[in-house]
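**Student:** Just a sequence and a predicted model for now, questions to come.
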Amino acid sequence: MSFDPHELLFRLKQSTFRARFHLDLQSRAYLQEKGLDTVMAHAADFIRDRLAPAHPLNDGKQTPMRGHPVFIAQHATGSCCRSCLQKWQHMSKNQPLTEDQQATIIAVIRAWIEQDTQGNVPDSPAQGSLF
């Protein structure tokens, strides 16, 4: 059975916390300027450097809430830290992520960005209170 990022996105929409993340005007402008392929190259770098090690530096705090479309997408897709990856994508903590796992994370982020850009632009990347 192959991995379907849209099934995970459906499950994530059931989470009040994850469902409130959306790309704002600044993030959409950045996507428009750089293009999705360039933004996804950034995603690959972020995942490799900040998430793939078995014990990432500042795990649980390594992904900002704003500043890049990928950061917002990581929070929306449960790929912001190793604990969220374990919960949402069943990728074990304390082991380096394989290239296939990294590709899966990137595919989910890309699917989320493509899906989110079809909707209206919110006032902020995470509408409503974070708590």
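**Tutor:** Structure's in. What do you need?
**Student:** how close does residue 25 sit to residue 56?
**Tutor:** According to C-beta to C-beta, to the nearest Å, residue 25 and residue 56 sit 30 Å apart. Where C-beta positions appear, they are placed from N, C-alpha and C, glycine not excepted.
**Student:** With neighbour numbers in mind, choose between these two.
**Tutor:** Summary of the neighbour comparison: residue 25 and residue 56, criterion other C-beta atoms under 10 Å, with residue 56 having more neighbours (19 against 12).
**Student:** Point to the helix or strand of the chain where mean pLDDT is at its lowest.
**Tutor:** For the chain, counting by mean pLDDT, DSSP states H and E, helix 5-13 ranks last in confidence among helices and strands (a mean of 87).
**Student:** Against which helices or strands is it packed?
**Tutor:** helix 16-19, helix 82-89, helix 99-116 (3 or more C-beta pairs under 8 Å, 6 or more residues apart in numbering; DSSP states H and E).
**Student:** Residue 49 is nearest to which of the ones you listed?
**Tutor:** Comparing those against residue 49 with C-beta to C-beta, the closest turns out to be helix 99-116 (10.7 Å).
**Student:** So which other helices or strands are in contact with the closest one?
**Tutor:** helix 5-13, helix 36-46, helix 69-76, helix 82-89.
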